[in-house]
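1. turn this into a model:
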Amino acid sequence: MTIHKRTAAIAVAALLGLSLVACGSSDPTDGAKAPADSITVGSAAFPENEIIAEIYAQALEAKGVKVDKKLNIGAREAYIPALENGEIDLLPEYSGNLLQYVDKEATATSSEDVAAALGDALPGKLKVLDVSKAEDKDSLNVTPEFAASEGLKTIGDLKKIDGLKVGANPEFKTRPFGLPGMERIYGITGAKFTAISDGGGPATLKALLSGKVDVADIYSTTPSILANKLVTLEDPENMFAAQNVVPLINGDKASDTVTTVLNEISAQLTTQDLLELNTKNQGPDKAAPADLAKQWLTDKGLI
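-> Model prediction:
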């Protein structure tokens, strides 16, 4: 699994059976610029990002801001140009992946360092506001039973396990944040690796629950983590670069009202929130992104 391409999350969503149904304009980037007195909120083409975009849009509307929406635009190659040319004004982003997109030589990994680097690297009028605590990124997970029996809280705790069995996408074996990172950063050696090519999906989960592997790489907001009460091991040394959810906005539209509203959202949005929202957005009785956003804002006292 790679932290450098957010498109991998789309594959995870597909594996979970999530529907990528387009909202708003049938051609979200049809070239029409947003009116000067409004703000146009966009989203990438996967459900989690659409839910966050709905949170932004509804919170702004509640404060009297005129909002248009162009959701499910696509990947960065589509929506970054749309932000730059004014077709959209605001979109939820993931800090580490955004930094890698605008500066391929960036080396920052902590939340603070990534946010600071973004301030210097973003082109033109684009800017980020306050980052949230919510992250959607690679994470190492174990079953609650294994965590309890081995006394596991952090990735570094895995060092004491002989013959550790690790399950992840094939590239995890050689990527800097995979097995090499576990050895270089946390001193974990001799791990036995099982390649599972489903982006932390059902096959990875099955391998973990059956004991075929001891620890598995699964995106941090995947509903199966919550459903199976998996223990996500803490990563105090930032082996996985920060991927904090952050508003990416055209600076011309970042009025005091807009900035305050979005920063209030970031102050309350957590990874646990994303886990719960994603869980409610799957299965035959899944709730719509707009409904989930409204309920979250209500529960947090933001509308």
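
2. burial of the closest residue to residue 42 other than its chain neighbours, as a residue count?
-> Nearest non-adjacent residue to residue 42, counting by CB to CB, 6 or more residues apart in numbering: residue 88, 3.7 Å away. No exception for glycine: its C-beta is placed from N, CA and C like everyone else's. Counted with other CB atoms under 10 Å, residues neighbouring residue 88 total 31.

3. do residue 60 as well
-> Count around residue 60 with other CB under 10 Å applied: 21.

4. just say helix, strand or coil for it.
-> helix (DSSP: H, G, I helix; E, B strand; the rest coil).

5. contact partners for it?
-> 39, 41, 67, 258, 261, 262 (CB atoms under 8 Å, 6 or more residues apart in numbering).

6. the fourth one and residue 65 touch, don't they?
-> Going back to what we said before, that points to residue 258. Yes. In this structure, residue 258 is within contact of residue 65 by CB atoms under 8 Å, at 6.3 Å.

7. those two: which is more packed in?
-> residue 258 (22 against 18).

8. what helix or strand is that one on?
-> helix 256-268 (DSSP states H and E).

9. looks like the residue nearest to residue 42 contacts residue 69 (just checking).
-> No. If you go by CB under 8 Å, residue 88 and residue 69 don't touch, sitting 9.0 Å apart.

10. what sits in contact with each of those two?
-> Counting by CB under 8 Å, 6+ apart, the residues touching both residue 88 and residue 69 are 40, 41, 42.

11. contacts only, for the first one.
-> If I follow you right, that is residue 40. Counted by CB under 8 Å, 6+ apart, residue 40 has contacts 34, 67, 68, 69, 70, 87, 88, 89, 90.

12. ok, 7 Å please
-> Residue 40 makes contact with 34, 68, 70, 88, 89 under the criterion CB atoms under 7 Å, 6 or more residues apart in numbering.

13. before we move on, what about residue 234?
-> 153, 154.

14. how many neighbouring residues does residue 57 have?
-> Neighbours of residue 57 (other CB under 10 Å): 23.

15. distance of it relative to residue 233?
-> Per CB to CB, to the nearest Å, residue 57 is found 35 Å from residue 233.

16. residue 163 too?
-> Residue 163 is 18 Å from residue 233, by CB to CB.

17. of the two, who's got more company?
-> Higher neighbour count among residue 163 and residue 233: residue 233, with 20 against 8, using other CB under 10 Å.

18. mind listing residues that contact stretch 95-105?
-> 3-4, 6, 76, 106, 108, 114-115, 117-118, 121-123, 131, 137, 241-244, 246, 248.

19. for PyMOL, write the selection for the buried entries among the residues you listed.
-> In PyMOL, a selection of the buried entries from those looks like this (16 or more other CB atoms under 10 Å):
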select buried, resi 3+6+76+106+108+114+115+117+118+121+122+131+137+241+242+243+244+246+248
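
20. just checking, which of the contacts of stretch 95-105 belong to strands?
-> 246, 248 (DSSP state E).

21. ok, the residue of the chain most remote from its centre to residue 112 distance?
-> Residue farthest from the centre of the chain, counting by CA atoms, centre = their mean, is residue 162 at 32.2 Å. According to CB to CB, residue 162 and residue 112 sit 36 Å apart.

22. next: residue 190.
-> On the measure of CB to CB, residue 190 and residue 112 end up 33 Å apart.

23. quick one: end-to-end length of stretch 159-166, please.
-> 12 Å (CA to CA, to the nearest Å).

24. what comes up buried for it?
-> Neighbour-count burial for stretch 159-166 flags 161, 164, 165, 166 (criterion: 16+ other CB under 10 Å).

25. those residues in strands, which ones?
-> 165, 166.

26. please name the bridge partners of residue 250.
-> Bridge pairing for residue 250 (DSSP bridges) gives the partners residue 126.

27. just confirm residue 73 contacts residue 81, I think it does.
-> No. Residue 73 lies out of contact with residue 81 (CB atoms under 7 Å); the separation is 10.1 Å.

28. neighbour count: these two, which is higher?
-> More neighbours surround residue 73 than the other of residue 73 and residue 81, with 26 against 12 (other CB under 10 Å).

29. so that one sits in a strand?
-> No. Under three-state DSSP, residue 73 sits outside any strand and is assigned coil.

30. where's the most centrally placed residue in the chain relative to residue 104, distance?
-> For the chain, the residue nearest the mean C-alpha position is residue 136 (2.8 Å; CA atoms, centre = their mean). As judged by CB to CB, residue 136 and residue 104 stand 21 Å apart.

31. cool, and residue 259?
-> Separation of residue 259 from residue 104 (CB to CB): 29 Å.
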